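Peer 1: Just the structure for this:
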Amino acid sequence: MSQSEELERQLSELLTEGEIRENEAKNRERLSPKYEVRVQTHIDPIVEETRKYRSMARELDDRYDEYMSKAEKSKPTDQR
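Peer 2: Here you go, the predicted model:
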């Protein structure tokens, strides 16, 4: 086998291996994680923080009013 043929074969192997490795990485990205951590709270931290800030100072704009009204309507019914 001539030197150019050997180089061509090596280049072909490198390119093929690179494609396989890229596919493996893409497949790993698609896999879902084994564990998923979810924390369910009875108190909304955004609502609590907004209440604290509102007790200390007056807001210049009412950007959280809509969120606060939604939070007041959807209070948790499952009290433990």
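Peer 1: Break the chain into its domains for me.
Peer 2: If you go by automatic domain parsing, the domain ranges for the chain are 1-32, 41-74.
Peer 1: In TSV: those, plus mean pLDDT and mean neighbour count.
Peer 2: C-betas here are computed from N, CA, C, even on glycine. Below are the domains of the chain laid out as TSV (pLDDT from 0 to 100; neighbours: other Cβ atoms under 10 Å):
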stretch	mean pLDDT	mean neighbour count
domain 1-32	76	9
domain 41-74	86	11
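Peer 1: how about the helices in the protein?
Peer 2: 3-30, 45-56, 65-73 (DSSP state H).
Peer 1: can you tell which of these is closest to residue 36?
Peer 2: Within those, the stretch nearest residue 36 is helix 3-30; the backing value is 15.6 Å (Cβ to Cβ).
Peer 1: quick check, distance from that closest one to the centre of its chain.
Peer 2: Centroid separation between helix 3-30 and its chain, computed with Cα atoms, centre = their mean, to the nearest Å, is 31 Å.
Peer 1: That one - contacts with which helices or strands?
Peer 2: Applying 3 or more Cβ pairs under 8 Å, 6 or more residues apart in numbering; DSSP states H and E, we find helix 3-30 packed against no helix or strand.
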